[in-house]
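> Sequence plus predicted model, see below.
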Amino acid sequence: MTQATAKSMPSASTMEAPVAPRRNLNRGKLGMACLICSEITFFGTLLATYLFYIGRDISGPYPQDVLDISVAPMKVVFNSIFLLTSSIWIVLAVKALRKGRIKTFACWWLLTILFGVEFLVGTGMEWYGLIVDDGLTIRTNLFGSGFYTVVGFHAGHVCCGLILLTIIFILTLCGYMHKRHTHKVDMLSWYWHFVDGIWIAVFTIVYILGTA
Amino acid sequence: MTILEKPKQTLHTKDPNASFLSYMHQWIATSDHKKLGVMYVTTGLLFFLIGGLEAAMMRWQLAWSGMDVVGPEEFNRLFTMHGTTMVFLVGMPILLGVANYLVPLMIGARDLAFPRLNAFGFWLFFFGGLLLYFSYFGAQGLYGMGSAPDVGWFAYAPLTERTFSRGHSTDYWILGIGISGFGSIATGINLITTILTMRCPGMSLMKMPLFVWLMFIDAILIMIAMPPLTAAQIMLLFDRWLGAHFFDTQGGGSAVLWQNLFWFFGHPEVYILILPAFAYVSEIIPVFSRKVIFGYPLMVAATIAIGFISLGVWVHHMFALGLSPMVNAIFMGSTMLIAVPTGIKMFNWIATLYGGRIRFQTPMLFSLGFLTQFLLGGLTGIMLAVVPFDWQVSDSYFVVGHFHYVLFGGLVFSIFAAIYYWMPKVTGRMLSETLGKWHFWLLFIGFNLTFGPMHVSGMLGMPRRIYTYHPDRGWELWNLLSSIGVLFQIAAILFFTYNVLNSLFKGKKAGDDPWDAWTLEWETTSPPPEYNFPEIPTVHSRRPLWDKKHPEDPDWKYE
C-alpha cells in the first residue's frame, strides 16, 4: 500500500487509492436477525414480569396446583417435543430446497406445519382445561394474567409463523418455489427457530421455575 | 460518468399538467427515503408547534400565583400531551426523518434496505400521532369524563388503571404511542440493515461519517429499548380491558414494576433522542471549523459506550422510590459512568473547534448553542445522579430545568442546526442568514430565560406538575421570568417559520455544495434525484469530497 501511495503522489488520481473489500451480508436475513433481537427484548420483558410475580398471588389457583409437569399436563411436554422437533424438519426442508429438490422440500415443509398446528391445538386444549376445569382466567389472579399473556403471545407468534409457512407451502404447490428462493425461505426458518427458542425460555420459566 | 442527465426538479415545483391529486399521490404512495424523510420532519415540526402551544398555555397559567387560565384537569392534560408529543411525535419522527433522508445519501446508497417497510413505519407513526390527538374528541367514553390523557408522559401505575382513569383517554395514550412505537422499531431495523449492507464500495465501518455511526447505535437502541415499552403497554391494556392484574395494586400487582419497565425503556429513549443531536453537530462542527473531526475512533468508541451504559442507568429515575441503598448506589455509579463517554465527545468537539477557522453561520451558531446548553444540562444531570441531591430536588422544577436543557437546549437546538445545514440539500434553496441569526439569538435568550430560572424555583421547592401555587412561596419572580422567556421563543419560532416558507419559494439557489462540505450527500444535486447518485460513488476516506476537491492532498493517505 505504501508503494501505491508513493506512486500516486504527484498527480494523485484518487482512483489509485486503496478501496476496502466488500462484504456480503444478506439484507433480508440481517433484517430478520434484528427483528428477532427486538422480539427477544419484548418476550424478555414479559418473562421478567412473570418471574417477578411468581409466588405473589393472593388467591388461587396457584401454578403448583395446575401446571406442575410431574402431576397433570404431560401433554405440555409432549406438545413441546412437537414444536421443538418441527425445527429439525424445517432445517431439512431448507436443505432440500438448497439442493433443488422441491418435492422433498414440500414434504418436510408440510411436516413442519403439521407439527406447529399440533402444538397450537395442544395449547388450545390445555387452555380449555385450565379455564373450564381449574377456573383460571386472565382475570383470576396474577398467575392467570401472566400465564395467558406470556403463553398467549408465544402462541400468537406460532400462529403468525404458521400463516407465513402456509403461504410458502401454497406457493410451492402452485409451483413457484425454486432453488433461488433458498435465502428467503431460510430467513423464515430463522423466525421459526426463534419461536422455538422462546418456547424453551417460556417452558423453563412457566412450567419449571414457576411451579417449583 | 454521467450517463443519466441531472433532472431539473425541485421539491415543490410540479409538472403543470399534473393534477393536485396526482401530486398528492406522489407523496402518499411513495417509498422514497427522501420524500419519507421530508414527511417525517414536516409532521414532526407541526407536532412541535402543537406541543409548543401546550407548553405556552402552561407557562401562561404559571406566570404568577393564582392565575386562572386553565383549570387543574386541563393542566394535567396539557403537561401529559406536551411531554408525550415532544418525545414521541417530535423527537422520534424528526430524528428518524433526518436519518431517513441522510443515511442512504451519506453511505452512497439509493434507498434504505426495505423501502416499503420504511413507508409503513412512517404511516404507523403518523396515524399513531393522530390517534393520540383524536383523544381530545373521542376519549369521552361512557363516563363522559376526561378528554386527552392526563396521566403524565410516564403514566405511572396504578393511576392508569381503570379504577382511577375512567373513560378512554389512557387507552388513546397506550394505543397512539404503541402504534407509533411499532413504526419506530420498523425504521430502526431498516436503518441497521441499510448501514450494514448497503455502504458504497470503499466505505468500511471506520470510514463512515460519524453521523452514520451515531444513527447506527441509535437504531440499535431503538430496536432494544422500544419493545419493553410496548410489552408494558400491552400489559396495561390487558389490565384495563381484560381485567388482568399486572399493575393493579389491590390485586397483588406492582406499581414499581411499571416504573421499572417504563424507565427501562425511558432512559435509553433519552439517549435515542440525544444521539442524533450528537450526530448533527459531529457533522456540522468540523465543516464550519474547516477541520477534520478530532478523535474519530474515540468518538465511535464513546458512542458505543453510551449505547451500552444507557441500558443500565434507568433506576436513577426512581431514587426517591425507597429502593435499597445498594441498588441506588449501583445506579448512581452507572449514571456517573455515562458522563465519561459523553465528556469525551464534548472535549472532542471543543478540540475540533480549537485552532479552526470558524465560520459563524447559522448552523454553527446553533451547534455552539447546543454545546453550551447541553453542557449545562449534562452538569445538572451529574448533580441529579447523586442520590442525596436527587432526594432534595426530585420531581421539582430543577428536574424540569435539567431535562429541558438536555432535550430543548440540546436536541432542539441541534435539530435547528441540522435544518439550516441540510435544508439547502433538501429543497435546493438556502435559508436566510439574517433571519436565521434572529431566530438563533431570540431562541437562545428565550430558552435560557425560560429554563434557567426553573433551576432556582426548583431549589426553592416548587414541585413539577402543579397547576398553580400560593403567593407566599417566593416563586413568582422565577416563574414570571420563565413565562417571559416563552415570548422570545414564540418570536424565534415565527422567524423560523417565515424563514422556511420564504426560502421554499424565494430562497437563494443553493447549488450542490453550499457549505464546501466533505460527505457524500453534497456530491449529488440539490435536491437529489430519485436515484440519488447517477453512479454509485467509491470512497477512500472519511471525507470523500475532500479527496475529490484536493487530489494533491487526499485524506486516505493519513487515515
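Arrived safely. These figures come from a predicted structure and were not determined experimentally.
> hey, where'd the helices end up in the stretch 451-559 of chain B?
In the stretch 451-559 of chain B, the helices defined using DSSP state H, counting those that start in this stretch lie at B:476-506, B:544-549.
> closest to chain A out of the ones you listed?
When the helices of the stretch 451-559 of chain B are compared by CB to the nearest CB, helix B:544-549 sits nearest chain A, at 4.9 Å. Backbone N, C-alpha and C define where each C-beta goes, glycine included.
> Of all the residues in the closest one, which ones are buried?
B:544, B:545, B:546, B:547 (16 or more other CB atoms under 10 Å in any protein chain shown).
> Need the helices of the stretch 451-559 of chain B in JSON lines (columns: distance to residue B:360 and mean pLDDT).
Listed next are those as JSON lines, based on distance: least, CB to CB, whole Å; pLDDT from 0 to 100:
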{"stretch": "helix B:476-506", "distance to residue B:360": "17", "mean pLDDT": "96"}
{"stretch": "helix B:544-549", "distance to residue B:360": "22", "mean pLDDT": "92"}
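> okay, those, which one's buried deepest?
Neighbour counts (mean count of other CB atoms under 10 Å in any protein chain shown) averaged over each of those peak at helix B:544-549, with a mean of 20.
> for that one, packing partners?
Judged by 3 or more CB pairs under 8 Å, 6 or more residues apart in numbering or on different chains; DSSP states H and E, helix B:544-549 is in contact with no other helix or strand.
> And that helix, how far out from the chain middle?
Centre-to-centre, helix B:544-549 and its host chain are 31 Å apart (CA atoms, centre = their mean, to the nearest Å).
> Residues contacting that helix, please?
Residues from elsewhere that reach helix B:544-549, judged by CB atoms under 8 Å, 6 or more residues apart in numbering or on different chains: A:14, A:17, B:513, B:517-520, B:522-523, B:537, B:539-541, B:554-556.
> tell me the two of those residues that are most distant?
Put simply, by CB to CB the two of those set farthest apart are A:17 and B:513, 20.7 Å from each other.
> So between the two, which is more surrounded?
Applying other CB atoms under 10 Å in any protein chain shown to residue A:17 and residue B:513 shows that residue A:17 carries more neighbours, namely 22 against 17.
> So what does the closest residue to chain A within the stretch 301-450 of chain B look like in phi/psi?
Closest to chain A within the stretch 301-450 of chain B is residue B:311: 9.9 Å, counting by CB to the nearest CB. Dihedral pair for residue B:311: phi -80, psi -10, per degrees, to the nearest 10.
> does chain A sit close to the helix or strand encompassing residue B:173?
Element membership for residue B:173, per DSSP states H and E: helix B:169-197. Yes. Helix B:169-197 comes into contact with chain A (CB under 8 Å from any CB of the partner chain), by way of B:185, B:188, B:189, B:190, B:192, B:193, B:194, B:196, B:197.
> Let's have the residues you listed in a markdown table, adding neighbour count.
A markdown table is the format used below for these (neighbours: other CB atoms under 10 Å in any protein chain shown):
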| residue | neighbour count |
| --- | --- |
| B:185 | 25 |
| B:188 | 26 |
| B:189 | 26 |
| B:190 | 29 |
| B:192 | 24 |
| B:193 | 26 |
| B:194 | 29 |
| B:196 | 18 |
| B:197 | 19 |
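> what about residue 79, how many neighbours?
I'll assume chain A. By other CB under 10 Å, 22 other residues sit near residue A:79.
> could you do chain B instead?
21.
> Without its sequence neighbours, what residue ends up closest to it?
Spatial nearest neighbour of residue B:79, chain neighbours left out: residue B:465 (5.8 Å); criterion: CB to CB, 6 or more residues apart in numbering or on different chains.
> For chain A, see how far away that neighbour is.
Noted for residue B:465: a distance of 27 Å to chain A, by CB to the nearest CB, to the nearest Å.
> contacting residues for the residue lying closest to residue B:312 once chain neighbours are set aside?
Leaving aside its sequence neighbours, residue B:312 sits nearest to residue B:334 (CB to CB, 6+ apart; 5.0 Å). Shown in contact with residue B:334 (CB under 8 Å, 6+ apart): B:309, B:312, B:313.
> so what's the backbone phi/psi at the last one?
Main-chain dihedrals, residue B:313, degrees, to the nearest 10: phi -130, psi 0.
> what residues does stretch B:293-310 touch?
For stretch B:293-310, contacts defined as CB under 8 Å, 6+ apart pick out B:206, B:210, B:213-214, B:217, B:220-221, B:267-268, B:270-271, B:275, B:278, B:282, B:285-286, B:334, B:337-338, B:340-342, B:344-345, B:348-349, B:351-352, B:354, B:542.
> do that again at 6 Å, thanks
The contact list for stretch B:293-310 (CB atoms under 6 Å, 6 or more residues apart in numbering or on different chains) reads B:210, B:213-214, B:217, B:221, B:268, B:271, B:286, B:337-338, B:341, B:344-345, B:348, B:351-352.
> looking at those, which has the most residues close by?
residue B:214 (28 neighbours).
> Check which helix or strand that residue maps to.
helix B:210-242.
> Report the next helix or strand after that helix in sequence order.
The C-terminal neighbour of helix B:210-242 among helices and strands, as given by DSSP H and E, is helix B:255-289.
> What angle do helix B:210-242 and that following helix make with each other?
Orientation check (axes from the mean of the first three to the mean of the last three CA atoms, to 10 degrees): helix B:255-289 against helix B:210-242 gives 160 degrees.
> quick check: mean pLDDT across helix B:255-289?
Helix B:255-289 shows a mean pLDDT of 96.
> Render the CA-only coordinates of the helix or strand just after that helix in CSV, please.
Counting by DSSP H and E, the next helix or strand C-terminal to helix B:255-289 is helix B:296-309. What follows is helix B:296-309, C-alpha atoms only, in CSV (Å, rounded to 0.1, in the frame of the first residue of the first chain):
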residue,chain,number,x,y,z
TYR,B,296,-12.8,10.0,15.2
PRO,B,297,-12.1,6.5,16.6
LEU,B,298,-12.6,7.8,20.2
MET,B,299,-15.9,9.3,19.1
VAL,B,300,-17.0,6.0,17.8
ALA,B,301,-15.9,4.2,20.9
ALA,B,302,-17.7,6.8,23.1
THR,B,303,-20.9,6.3,21.1
ILE,B,304,-20.8,2.6,21.6
ALA,B,305,-20.1,3.0,25.3
ILE,B,306,-23.0,5.4,25.7
GLY,B,307,-25.2,2.9,23.9
PHE,B,308,-24.2,0.1,26.3
ILE,B,309,-24.3,2.1,29.5
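> Check the offset of helix B:296-309 from the chain's centre.
On the basis of CA atoms, centre = their mean, helix B:296-309 sits 19 Å off its chain's mean C-alpha point.
> buried sites along that helix?
Residues of helix B:296-309 classed as buried by neighbour count (16+ other CB under 10 Å): B:296, B:299, B:300, B:302, B:303, B:305, B:306, B:307, B:309.
> Tell me which stretches of chain A form helices.
Secondary structure of chain A (DSSP state H): helices at A:2-7, A:27-53, A:63-66, A:74-98, A:102-132, A:142-173, A:182-202.
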